[in-house]
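J.: A predicted structure for the sequence below; I have some questions about it.
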Amino acid sequence: MSFVDKTLKCRDCGNEFVFTAGEQEFFQQKGLLNQPARCPACRALRRQAAGGGSRSERAPREMHTVICAECGQEAKVPFLPRNDRPVYCSSCYDKARVARR
C-alpha cells in the first residue's frame, strides 16, 4: 500500500498538522486503525498531564549547541552531532524535509 502525507486538523487547538506517509505506515504496522486526532504538541501536553508514563521517569535529554548548516543560526539538538553530517535548526530541517518529498 502506498501512503501520501495528509493534512489533519487538531481537535484540541484547531491547528493543522501533517500525518506523514511514514507515520501512516508505522500506524499500519502497529495495527493502529485510527489516525491521530491531535497535533504532536497537544498529544505531548496530554501525555504530560496524564503523568507522562515512562518519559516522566527518564532524565532530561542532554542538549547540544550547534550552528545550523543552512542559515548559520545557533540551535540546540538532542544528539551529539557528527562532523561528517550537516545539522540544521528546526526551521531549516522542516524546509529540507518538505523539499525531499
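T.: Received it, and whenever you're ready, just let me know what you need.

J.: and the pLDDT for residue 53?
T.: pLDDT, residue 53: 53.

J.: next one: residue 49
T.: For residue 49, pLDDT reads 84.

J.: domain ranges for the chain, per the record?
T.: 6-57, 64-100 (automatic domain parsing).

J.: part of a strand, is residue 65?
T.: Yes. Assessed with DSSP: H, G, I helix; E, B strand; the rest coil, residue 65 lies in a strand.

J.: leaving out sequence neighbours, find the closest residue to it.
T.: Among residues not flanking residue 65 along the chain, residue 76 sits closest, at 5.7 Å (C-beta to C-beta, 6 or more residues apart in numbering). Every C-beta, even on glycine, is put in place using the N, C-alpha and C of the backbone.

J.: check residue 7 too.
T.: Nearest to residue 7 is residue 16, by C-beta to C-beta, 6+ apart, at 5.3 Å.

J.: and the one you found, what does it touch?
T.: 7, 8, 9, 10 (C-beta atoms under 8 Å, 6 or more residues apart in numbering).

J.: does the third one really touch residue 35, like I thought?
T.: The reference is to residue 9. No. Residue 9 is beyond contact range of residue 35, at 11.2 Å (criterion: C-beta atoms under 8 Å).
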